[in-house]
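*Asks:* predicted model and sequence follow; I will ask about them next.
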Amino acid sequence: MKKNISLEETNNVSNLNSLVWPSICKDIEKKLGKDIYESWIKKLNLVEEFKHYLVLSSPTRFIRDWVVSRYLDKILEITKLHKNTVSRIDFVIESDLNTNKGNGLNQKIQKDSKTPNVHFIEDSFVNYSRLDPNKNFENFVLGKSNNLAYQASQKVCEQIAHYNPLFIYGGIGMGKTHLLNAIGLKMRENHKIMFISAERFMYHFVKSIRNNEMVKFKDLFRKSDLFIIDDIQFVIGKEAMQEEFFHTFNALIDRGSQIVISSDRPPVNLTKIQERIKSRFSGGLVVDIQQSDFNLRLSILKRKMNEISKSFSDTIVPDENLLNFIASEMRVNIRETIGALNRIVSFSRIYKKSPSISESKIILKDLLNFAENHVTIENIKKTVCDYFKINVSEMLSQRRSRYLVRPRQIAMYLTKNLTSKSLPDIGREFSGRDHTTVIHSVKTINKLKNNKDEEIIKAIENIKNKILYKNHNEI
Ligand code: ADP
Ligand code: MG
């Protein structure tokens, strides 16, 4: 099952100095442990080997994303020990491979039969950023922060060269590439598309100069109807490179082609780019994607969860509360929000249960930035007392009235669940009670919850939400 990947590096060395993938796997297993190896790495296969990179296949996108987010660094590190020229690992999805079976490896032009107008590879030119069928308009979730960019992208598809160029900017993981990709997907039936990252553009430029292939370079990049260039902030090359880019840009505009650009900052802040290029960028429509809000993140999570459950019928779907937790805490960017969900789902798959909030905090520890700072014992005590309308001093007292006992037990239970404090520590924080009292409290509350005591369940959810998500609407 070999994917027919044309070569970007002309020196395919798969027959020389070949890697021994099984022995790399053994080392990975030693390093990451059997569980992780069996769950994830074992499912990957070596498809093709080049001098500077490997192509591995993954059965699903989900596994690929998981491996990439968690283990790719380690895999690369170990691979390098076997072959030090390897600097990168790429992935293909097995179902995609199957549909491409039968193309010759050394084909000069590889075109997907469904997408005759998309230039993937021509001679040694590889367009690295192939259109990803999973990033389309249909699954792009709309919110306040991305609505404008979405509408503008739609407009480009309806009326080519109306806004030219369309310049979309925003921070990392906000959905820029997703939108660019969606435009490419929608337009590829009837238009010649070039979809490339600025980095790859530079790479081809440098390589073409070196190989005396500038005519070919110009030809390739100037004949598209829709030229989509991602992450333009990486065009930081020398004058000659910018010169070429400027001419490509002008040639495309003259020919009536649509240009779509993404960047992590607005044109004026592209400090390393020539003024005249910047002013060209600003000449069309400039739109930004802003920080997502809680509701958008929650909708994206729900949608993702739906997709995952459709692909894996045995998926354990996290409850609403857990999704709220992820949406509320993973707010830096959408990629991270989705990454967090993937981890939770993976945990559920391995342990056959959905993690609790406190387990999730451990699973997502490196991604969370709240650092438990608003989950203090003081805050828990206060929130519990506010909810039950009692004083903190009353709750901490030795009195055994029922109206004080339950809140006290709930406060201890929440402290145990939401903080990393030990049982004796918690006892000390509650007027020097013994750790067995803490255990008893936790057990009592768990029992009530298990017996579906609605009042207790409601109280706990409510208080927990107040403690954990009180910063909901900050962004
Ligand atoms: P950027 O290019 O801005 O760094 P991406 O387009 O790569 O970000 O988005 C990161 C991840 O988040 C991708 O998996 C993308 O599909 C997803 N994503 C971003 N915004 C949305 C959205 N509005 N709806 C659905 N998925 C989104
Ligand atoms: Mg991107």
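*Replies:* Yes, it's here. The structure displayed is predicted, hence computed values, not measured ones. Ligands and ions are numbered 1, 2, ... in the order given.
*Asks:* now for the residue in the chain that ligand 1 sits nearest to: which residues touch it?
*Replies:* Ligand 1 sits closest to G175 of the chain, with a gap of 2.7 Å, by CB to the nearest ligand atom. C-beta: built from backbone N, CA, C; applies to glycine. For G175, the contacting residues are 140, 146, 149, 289, 334, by CB atoms under 8 Å, 6 or more residues apart in numbering.
*Asks:* keep those residues, but drop any that are not near ligand 1.
*Replies:* 140, 146, 334 (CB under 6 Å from any ligand atom).
*Asks:* pull the contacting residues for the closest residue to R88 other than its chain neighbours.
*Replies:* Of all residues not flanking R88 in the chain, Y53 sits nearest, at 4.1 Å (CB to CB, 6 or more residues apart in numbering). Counting by CB under 8 Å, 6+ apart, Y53 touches 86-90.
*Asks:* mind checking pLDDT for Y53?
*Replies:* pLDDT recorded at Y53 is 86.
*Asks:* ok, it to R406 distance?
*Replies:* Y53 sits 61 Å away from R406, going by CB to CB, to the nearest Å.
*Asks:* quick one: the helices in the stretch 101-250 of the chain, in order.
*Replies:* 147-158, 176-187, 198-210, 214-221, 239-254 (DSSP state H, counting those that start in this stretch).
*Asks:* now, of these, which is deepest in the fold?
*Replies:* Most buried of the helices of the stretch 101-250 of the chain by mean neighbour count (mean count of other CB atoms under 10 Å) is helix 176-187; its value is a mean of 24.
*Asks:* centre of the chain to it, how far?
*Replies:* A distance of 16 Å separates the C-alpha centroid of helix 176-187 from that of its chain, computed with CA atoms, centre = their mean, to the nearest Å.
*Asks:* residues in contact with that helix?
*Replies:* By CB under 8 Å, 6+ apart, the surrounding residues in contact with helix 176-187 are 118, 129, 131-133, 135-137, 140, 146, 149-150, 153, 156-157, 160, 168-170, 193, 195, 225-226, 228, 230-231, 260, 262, 289.
*Asks:* may I see the ChimeraX selection of the buried members of the residues you listed?
*Replies:* Applying 16 or more other CB atoms under 10 Å to the contacts of helix 176-187 leaves a buried subset, and the ChimeraX line that selects it is:
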select :118,129,131,132,135,136,137,140,146,149,150,153,156,157,160,168,169,170,193,195,225,226,228,230,231,260,262,289
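*Asks:* out of the contacts of helix 176-187, name the ones that lie in strands.
*Replies:* The members of the contacts of helix 176-187 that map onto strands under DSSP state E are 168-169, 193, 195, 226, 228, 230, 260, 262.
*Asks:* now render those as CSV, adding pLDDT.
*Replies:* As requested, these are arranged in CSV below (pLDDT from 0 to 100):
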residue, pLDDT
I168, 98
Y169, 97
I193, 92
F195, 92
L226, 94
I228, 95
D230, 93
V260, 97
S262, 97
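*Asks:* and the two most separated of those residues?
*Replies:* Taking CB to CB, the two most distant members of these are Y169 and I193; they sit 21.2 Å apart.
*Asks:* report the buried residues of stretch 395-408.
*Replies:* Here stretch 395-408 shows 395-396, 404, 406-408 as buried, counting by 16+ other CB under 10 Å.
*Asks:* rebuild these as TSV, extending it with distance to ligand 1.
*Replies:* Below are these laid out as TSV (distance: CB to the nearest ligand atom, whole Å):
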residue	distance to ligand 1
M395	44
L396	46
L404	47
R406	42
P407	41
R408	44
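*Asks:* give me every residue that touches the residue nearest to the spatial centre of the chain.
*Replies:* Nearest residue to the geometric centre of the chain (CA atoms, centre = their mean): R335, 2.7 Å. Going by CB under 8 Å, 6+ apart, R335 touches 172-173.
*Asks:* ok and the helix or strand where it lies relative to helix 176-187, angle-wise?
*Replies:* Per DSSP states H and E, R335 falls inside helix 334-351. On the basis of axes from the mean of the first three to the mean of the last three CA atoms, to 10 degrees, helix 334-351 is oriented at 90 degrees to helix 176-187.
*Asks:* can you give me the buried ones in helix 334-351?
*Replies:* Judged by neighbour count using 16+ other CB under 10 Å, the buried positions of helix 334-351 are 334-349.
*Asks:* over to stretch 269-285?
*Replies:* 270, 273, 277-278, 280-281, 284-285.
*Asks:* same check on stretch 187-196?
*Replies:* Result for stretch 187-196 [16+ other CB under 10 Å]: buried residues 187-188, 191-196.
*Asks:* swap in stretch 417-437?
*Replies:* In stretch 417-437, counting by 16+ other CB under 10 Å, buried: 417-419, 423, 425-427, 429-430, 433, 437.
*Asks:* who in the stretch 351-475 of the chain is up against ligand 1?
*Replies:* So the stretch 351-475 of the chain never meets ligand 1 (CB under 6 Å from any ligand atom).
*Asks:* so where is the stretch 351-475 of the chain shaky, pLDDT-wise?
*Replies:* Applying pLDDT under 70 to the stretch 351-475 of the chain picks out residues 366, 369-374, 469-475.
*Asks:* one more pass at 50, please.
*Replies:* Across the stretch 351-475 of the chain, the ranges flagged by pLDDT under 50 are 371-372, 471-475.
*Asks:* tell me where it has strands.
*Replies:* Using DSSP state E, counting those that start in this stretch, no strands are assigned anywhere in the stretch 351-475 of the chain.
*Asks:* quick check: residues of this protein near ligand 1?
*Replies:* So far as CB under 6 Å from any ligand atom goes, the chain lies against ligand 1 at 135, 139-141, 146, 170, 172-178, 300, 334-335, 338.
*Asks:* tell me who's in contact with the closest residue to L142 other than its chain neighbours.
*Replies:* Excluding its sequence neighbours, the residue lying closest to L142 (CB to CB, 6+ apart) is Y150, at 5.8 Å. Going by CB under 8 Å, 6+ apart, Y150 touches 137, 140, 142, 179.
*Asks:* now do the contacts for the second one.
*Replies:* Taking CB under 8 Å, 6+ apart as the contact definition, F140 lies against 146, 150, 175, 178-179, 182.
*Asks:* now do 6 Å
*Replies:* Residues near F140 by CB atoms under 6 Å, 6 or more residues apart in numbering: 178, 182.
*Asks:* name the residues that touch stretch 256-271?
*Replies:* Against stretch 256-271 from outside (CB under 6 Å, 6+ apart): 156, 160-161, 165-169, 176, 180, 183, 224-230, 232-233, 252, 278, 281-282.
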